[in-house]
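S.K.: Take this sequence and fold it.
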Amino acid sequence: MPTPARLEAFIAAVEGGAHAQVIEDFYTEDATMRENQAEPRRGRSTLVAQESAVLARTESVASTCVRPVLVNGDHVGIHWIFEFTFKGGGRMRMEEIAWQRWDGERIAEEQFFYDPAQRKPG
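M.R.: Numbering: from 1, shown residues only. As a prediction, this is how the structure comes out:
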C-alpha cells in the first residue's frame, strides 16, 4: 500500500511530465500495464520503452490528475486528463481512469480504461 506521501509524489511526477522516468521510479521490475482489454505489457523496461516511443512523437504532454484519488489498501484509482501536442502540430486529448495495484511503494499492475475513439489525433 502506498503511503500518502508516495502517492502524491507519483502524481506530482506524472503532472511534471517525466513519464518514462516515472515508470523507472514508481513501478516494480515486473510491472504490467494494460490498455482497456488488450494484452498487458510486461516488465518495467518494456513499459519504459513503450512510453519513450510515445513521447518521441510528441512536442509536449500536459498531464492533470482530476481529484479525488481513490485509495483502498493496495488499490488506487486515478482520473487523468492528458493533452498531447504531436510533432507536426496534431493534438489529442485523452481522459482515462487508471486502476492500479501497488506492491508496497511501487505499482505492480496498472490498467487504463478509456474510450478508444479519443486516440485519434486532431
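
S.K.: Going by C-alpha atoms from here, please, whenever you check contacts or count neighbours.
M.R.: Noted.

S.K.: Figure out how far stretch 106-122 is from the centre of its chain.
M.R.: 8 Å (CA atoms, centre = their mean, to the nearest Å).

S.K.: Only the buried residues of that stretch, if you could.
M.R.: In terms of neighbour count (16 or more other CA atoms under 10 Å), stretch 106-122 has its buried residues at Arg106, Ile107, Ala108, Glu109, Glu110, Gln111, Phe112.

S.K.: to the chain's geometric centre, what's the distance from the longest strand along the chain?
M.R.: The longest strand of the chain (DSSP state E) is strand 58-72. Distance, stretch centre to chain centre, for strand 58-72: 8 Å (CA atoms, centre = their mean).

S.K.: Not counting its own residues, what contacts the helix or strand following it?
M.R.: Using DSSP states H and E, the helix or strand that follows strand 58-72 in sequence is strand 75-86. Among residues not part of strand 75-86, those counted as contacts by CA atoms under 8 Å, 6 or more residues apart in numbering are 1, 57-71, 91-102.

S.K.: Stretch 62-71 too?
M.R.: Contacts for stretch 62-71 (CA under 8 Å, 6+ apart): 11, 14-17, 76-84.

S.K.: So the closest residue to His79 other than its chain neighbours versus Arg57, what's the distance?
M.R.: Nearest residue to His79 in three dimensions, chain neighbours excluded: Ile97, at 4.5 Å (CA to CA, 6 or more residues apart in numbering). Between Ile97 and Arg57 the computed distance is 23 Å (CA to CA, to the nearest Å).
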